[in-house]
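Trainee: sequence and predicted structure are below.
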Amino acid sequence: MSVLTRLRSAAGVVARSTIRRTAKATLARTADCVAAQRDVLRELLALNADSQFSVDHGLQAATTADELRGSLPVADYERFRPYVERVAEGERMALLGRDNELLMFSLSSGTTGQSKLIPITQRFLDDYRRGWQTWGIHMLDDHFAQNRKNMVQLISDYELYHTPGGTPCGNISGLVTAMQKKIVRLMYTLPPETMKITDADAKYYTTLRIALADRDVGMFTTANPSTLVRLAHLMHDRAESLVRDLRDGTLSDEYDVPTTVRRSIARNVSRQRVKRARELDRVLERTGTLKPRDAWPQLELLAVWTGGSCAHYLDRVREFYGDLPVRDHGLHASEGRMTIPLEDDTSSGVLDVTSHFFEFVPVEEYESEHRDVLLAHELDEGREYYILLTTASGLYRYDIQDVVRCTGFHGTTPKLAFMHKGAHVSSLTGEKLSETQVVSAVREGLDGGRHRIAEFALSPEWGDPPRYQLLLECEPAFDDDAVGRLATTVDARLKELNVEYREKRETGRLDPLVGRRLVPGTWGRFAAWKRARSGGSSEQYKHPCLVPDLDFAERVLALQHGETLDTPATAETSAAAQATRRSKRERVAD
């Protein structure tokens, strides 16, 4: 351990003590979820009460959940887009209150093909950082040795471009990094300038080149575990080049690293690390490859998402990095942090009731005209819900299309685990494809109706890397070559419609989309099975064009070959569930 690392660890004692007190106060609010959420909602409504959106929707005097619900239905991004666009032009009070300072826009893929701009305000950032600090101090207290080691964190730039009004647009993690104190930055192996590298392979290579010089790395952290797998593959493929750069004090010219970044990080790569290069050479001689677990023998923790489809990456991650504990980041997105995991090896985390106001829709009632929208304390352990957010960004009752399961309670506040994106959104590695995008891509691929297919559905297929498959019934003239061309066209169009799908394809985290023909009648058998399971009529059946379930194709192919699928036992009826919740509300009111 270096002298600098020891000094940093000692100096961090006071900072950790301060953060620990803040985290304790944050978690203390979970003892009374009702009061915490009531207070947060009142603050958020007041914060933006003088915005044009609040005026247009009668929210100026709203202070309670009932008043909010009476003024606004559950909403998707399109309800807010016109107001956000006005903010982007410089008209801040279209969506935000006078005292709600705008710092940047976070970028996220939209369901219609247009990127979403999420306003990041000072209040939002304060809440965001408090959630991360609560997460971080519990992680460090549980893994105390990490206080004396370094971490490799991959982040993205918060200033990819500026709106016409001059506001930076990018990733909130970059803004947090740019605002960190110098003592905090000493914990991180990578200099913040690496966020300015836009070419994915160049960024990953530079990350490995700088990180391999640091033997004291104890932790890797990035949102998606697919990134860790990609790093490990690149380390294997470019092992000799990485060790040579390390020995010579260079950074390969093969990669598109901007000149300004090369100058900024020169201090991190110019020193010749001969001893470290020899150590890695011995690893290569002994094992024939270079894996993270061998390159960094002090690794003790990984911090990535583990819920939903991310769980499928963990075996591969451990193959490369070792059988290490994994601390889930918690459910968070551009729109806000939702949960804070406090233990290793679980995606479950306590709801962050001090940052946003949350509502929930039971999964089985989501499509119903008379669905019951619940408050956080009204959830039932073991059941699944769509989560809605009201935040400091000016989003109200926002349907983020995430499905969560209540796994228990911390005090009276629910603990939630992310299950998957909603019925009309799929995300294997952060791409968030929407059914609208899929339908648009397939229609264009069919050349305006010149070709015909009966029905189709896009679904994910697991692999290393995973990919999407287009399942379709089509006329005999539409042969296998035509199916292949359609798949290629749809893949290309999805890259145009969805910036995050394009990024995942270009970085190798998703393989190209493939097409698969089904025998005639398969979709009819599938529709019959769906009706038998739900009890609905043929008139009520709606064919899904995007299904996020990794097992979906297997079920469809089983039907294609004449096999039958089990009809799962139905859950508690909606009416009975609503009666149970009414009883709970009455007890809370009493």
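Mentor: The structure has been received and is ready for your questions.
Trainee: you'd agree G515 is up against L472?
Mentor: Yes. Assessed by CB atoms under 8 Å, G515 is found in contact with L472 at 6.8 Å. Placement of C-beta: from N, CA and C, glycine included.
Trainee: overlap in contacts of the two?
Mentor: V483, L486 (CB atoms under 8 Å, 6 or more residues apart in numbering).
Trainee: A333: how many residues sit nearby?
Mentor: A333: 18 surrounding residues under other CB atoms under 10 Å.
Trainee: now do the contacts for it.
Mentor: S108, I400, D402.
Trainee: just L72 next, same as before
Mentor: H57, L59, Y396, R397.
Trainee: and these as CSV, adding pLDDT, secondary structure and neighbour count?
Mentor: Listed next are those as CSV, based on pLDDT from 0 to 100; DSSP: H, G, I helix; E, B strand; the rest coil; neighbours: other CB atoms under 10 Å:
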residue, pLDDT, secondary structure, neighbour count
H57, 97, coil, 16
L59, 96, coil, 19
Y396, 98, coil, 27
R397, 98, coil, 20
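Trainee: can you pull out the helices in the stretch 401-550 of the chain?
Mentor: Ranges of helices in the stretch 401-550 of the chain, per DSSP state H, counting those that start in this stretch, are 435-445, 480-497, 499-506, 522-534.
Trainee: ok, which of these comes nearest P292?
Mentor: Each of the helices of the stretch 401-550 of the chain has some distance to P292 by CB to CB; the shortest is helix 499-506, at 21.1 Å.
Trainee: and L486, what's its pLDDT?
Mentor: Note for L486: predicted pLDDT of 92.
Trainee: residues near it, how many?
Mentor: 24.
Trainee: now the strands for the stretch 151-300 of the chain?
Mentor: Residue ranges of the strands in the stretch 151-300 of the chain, as given by DSSP state E, counting those that start in this stretch, are 161-162, 168-170, 217-221.
Trainee: ranking the ones you listed by burial, who's on top?
Mentor: strand 217-221 (a mean of 22; mean count of other CB atoms under 10 Å).
Trainee: so what does the closest residue to A49 other than its chain neighbours look like in phi/psi?
Mentor: Leaving aside its sequence neighbours, A49 sits nearest to Q60 (CB to CB, 6 or more residues apart in numbering; 5.0 Å). In terms of degrees, to the nearest 10, the main-chain angles of Q60 are phi -60, psi -40.
Trainee: for the one 3 residues further on, same thing?
Mentor: The phi and psi torsions at T63 (degrees, to the nearest 10) take the values phi -140, psi -10.
Trainee: excluding chain neighbours, what is closest to T177?
Mentor: Counting by CB to CB, 6+ apart, the residue nearest T177 is P192, at 4.9 Å.
Trainee: brain fart, S108
Mentor: According to CB to CB, 6+ apart, the nearest residue to S108 is S334 (4.0 Å).
Trainee: gap between the nearest residue to S270 once chain neighbours are set aside and A213?
Mentor: Among residues not flanking S270 along the chain, G249 sits closest, at 5.0 Å (CB to CB, 6+ apart). From G249 across to A213, the span is 10 Å (CB to CB, to the nearest Å).
Trainee: what's the overlap in contacts for the two?
Mentor: Joint contacts of G249 and A213 (CB under 8 Å, 6+ apart) are V269, R271, R273.
Trainee: just the buried ones from those?
Mentor: The neighbour count (16 or more other CB atoms under 10 Å) marks V269, R273 as buried among the shared contacts of G249 and A213.
Trainee: nice, that's everything, thank you.
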